[in-house]
Structures are given as C-alpha cells and as structure tokens.
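Trainee: this one's sequence-less:
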C-alpha cells in the first residue's frame, strides 16, 4: 500500500497537500473527472465506464491528477500533466506507478497530458508538482526546504 506523506517546509511550516502526490481519475460521460479512490480504482472505472469498456476506452478516459503549487502566488491545485512533463528527476513517474500498481488499470491514462502547467489563479507557468518540491527551497519563506514526512499511515 502507498505511504501517506506530509509535505512541509522545515522553517515556516508551509504545507502542501498530504498524500502521495496525486490520484487516478476517470472521465464520465459529461467530461467530469471522477476520483478513483485507492484501493478500488478499478471498481470506480467500471462503475463510470461500464463493465464492457474496451481497453482503448479506458486509456482515453483515465488519467492522473498531480497535486501542484504555483511558485508565484502559492495557489495549490491539481493538474494532469502526464509523464511526458515529468519531474526534474524520475521521482514523479515512480510515485505515479507506485500508487497505481495496485490497480488493474495501473498504466492506463497515466502518460497522457490533459492540462498545461499554468496556474488557474494567476496564469503563471511557474508551477511545480508536490513531488518536484521535495528537497527544494520553500516557495513561501525562501529559506526552508520542503520535506516529505511519512505520516505512519498507508492507504
């Protein structure tokens, strides 16, 4: 089971969303992204798409929303940036597959990019995922470091 982590500045205690960096989703017939809670991702996908959904339909209508933060205005939000927009290193891709490997739909949709890295609040392109922020300078105080701390819980 994936670890649940806190992402927090070691100086000012600025915090980012708790969890493992994002979540799998399925797109319903109205275009709305429905969260696929772990560990029942497959059940949610079947409920939304039907038991007879083809592999291609599942590929087309699933994705992975990453928890993100705007480094300019500090707004926190979710984006599906796909694996091809990966982190500065491979940590983000590893986390996605670690999270998803417990689902029979583990590889579906996780490499498609549906959103651009643009803050919905201030329109800045200076956007990072929570995973990309680990061991980096805090965007709020500019002196601390964002640390990943295991909460001693798993999903």
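Mentor: Now that the structure is in, tell me what you want to look at. What you see is a predicted model, and the numbers here were worked out from it, not measured in a lab.

Trainee: so the residue of the chain most remote from its centre, which of the three states?
Mentor: Ranked by distance from the centre of the chain (CA atoms, centre = their mean), the top residue is residue 52, with 27.3 Å. Secondary structure, DSSP: H, G, I helix; E, B strand; the rest coil: residue 52 is coil.

Trainee: Got the phi and psi for it?
Mentor: Residue 52 adopts backbone torsions of phi -100, psi 20, taken as degrees, to the nearest 10.

Trainee: Please name the residues that touch it.
Mentor: Contacts of residue 52 were listed using CB atoms under 8 Å, 6 or more residues apart in numbering, and none were found. In this view, the C-beta of every residue, glycine as well, is placed from N, C-alpha and C.

Trainee: Now with 10 Å, please.
Mentor: Shown in contact with residue 52 (CB atoms under 10 Å, 6 or more residues apart in numbering): residue 46.

Trainee: Let me know the pLDDT of it.
Mentor: pLDDT for residue 52: 91.
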